[in-house]
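Engineer: sequence and predicted model, in that order:
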Amino acid sequence: MHHSFAEISTEDLKRHAAEHAVREIRPGMVVGLGEGTTARLAVRRLAELLQRGEMYDIVAVASSRRLERWARALGISTTTLQEHPVVDLTIDGADEVSPALNLIKGRGGALLREKIVAQASRREVIIVDETKLSPALGTRCPVPVEILPFGWRSQAAYLESLGARINVRRNGRGDNRITDQGNMIIDCDFGVVDKPRTLASNLDARAGIVAHGLFIDFVSEIVVGTHDGLRILAVPQPPKASTQLNPNTSIKA
Ligand code: A5P
């Protein structure tokens, strides 16, 4: 069926990207699943294919407890990284995508598990609609930072010293949002992040900061739903941050 451009909603753009990514799943795979409305469209699609018998013999690693429950309810067999430490293909969303194909993630609050799953994945396929593309990280959204509740005000001060305007994330009841790990999230508005690698290493180096939403060198492929059709942005080199056990060697997965 032909749609005029005006009829295509953001939801449709997300769905096109999600369906494209799901086509890359093969029987026998361990599949990583991310949080967010776009990634959930992929989960729903995968469940449909399984139900119809058009897909079989896959197990999924979910990157949040809530998502795991939901995937199981849809009939997807779930597993853990304990049982399957290497994931064949992960499909996840993103909040912002830079021209270098680096990401900000974590609006859904699952950034740490999403990063652990991405790091364990042979391929990390990111699905977004075109509104997520930005000229530089930090243009569209703040950088979520997951911190241990212990001494959190000292992390808040550290984040401010790096130039962030901070916002402790709260839930609907106005309480601090608590992650699956029992930690807090501080949304950090750094403005446009000129040096994402430097910022990432400053955050990685700080005890008490458990994770941050800058995903640098994690991506294999980005599927973008646009009004002109799908755009596939592929990373020529395999991502450095994933599946290598020793970053100083180049182990082939
Ligand atoms: C989840 O923690 C995030 O990293 C998501 O990938 C992000 O929030 C994308 O969500 P939407 O697909 O709903 O925009």
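Structural biologist: Cool, got the structure. Numbers count the residues shown, from 1 in each chain.

Engineer: where along the stretch 151-253 of the chain do the helices fall?
Structural biologist: For the stretch 151-253 of the chain, helices defined by DSSP state H, counting those that start in this stretch occupy the ranges 152-161, 196-204.

Engineer: between these, which one is closest to the ligand.
Structural biologist: Nearest to the ligand among those is helix 196-204; the distance by Cβ to the nearest ligand atom comes to 15.5 Å. For glycine as for every other residue, the C-beta is placed from the backbone atoms N, C-alpha and C.

Engineer: tell me who's in contact with the residue lying closest to T38 once chain neighbours are set aside.
Structural biologist: In space, and not counting its chain neighbours, T38 is closest to G93: 3.9 Å by Cβ to Cβ, 6 or more residues apart in numbering. Neighbouring residues of G93 by Cβ atoms under 8 Å, 6 or more residues apart in numbering: G34, E35, G36, T37, T38, A39, K105, G108, I126, I127, V128.

Engineer: ok, the fifth one - contacts?
Structural biologist: So the one you mean is T38. K14, A17, A18, G93, I127, V128, D129.

Engineer: tell me if stretch 41-61 is near the ligand.
Structural biologist: No. Judged by Cβ under 6 Å from any ligand atom, stretch 41-61 stays clear of the ligand, getting no closer than 8.3 Å.

Engineer: buried residues of that stretch, list them for me.
Structural biologist: Of the residues in stretch 41-61, 41-47, 49-50, 55, 58-61 count as buried by neighbour count, 16 or more other Cβ atoms under 10 Å.

Engineer: I186: how many residues sit nearby?
Structural biologist: 23 (other Cβ atoms under 10 Å).

Engineer: centre of the chain to the biggest strand by length in the chain, how far?
Structural biologist: Assignment by DSSP state E gives strand 121-129 as the longest strand of the chain. Centroid separation between strand 121-129 and its chain, computed with Cα atoms, centre = their mean, to the nearest Å, is 8 Å.

Engineer: how about the residues of this structure by the ligand?
Structural biologist: Counting by Cβ under 6 Å from any ligand atom, the chain sits next to the ligand at 34-38, 92-95, 105-111, 114.

Engineer: residue ranges with poor pLDDT in this structure?
Structural biologist: Along the chain, segments meeting pLDDT under 70 span 1-6, 238, 240, 242-253.

Engineer: what about the residue lying closest to G32 once chain neighbours are set aside, distance to A156?
Structural biologist: The shortest distance from G32 to any non-neighbouring residue, by Cβ to Cβ, 6+ apart, is to T90 (3.0 Å). Per Cβ to Cβ, to the nearest Å, T90 is found 31 Å from A156.

Engineer: the two: which is more packed in?
Structural biologist: Legend: neighbour count by other Cβ under 10 Å for T90 and A156, higher for T90 (29 against 18).

Engineer: wasn't that one part of a strand?
Structural biologist: Yes. Counting by DSSP: H, G, I helix; E, B strand; the rest coil, T90 is located in a strand.
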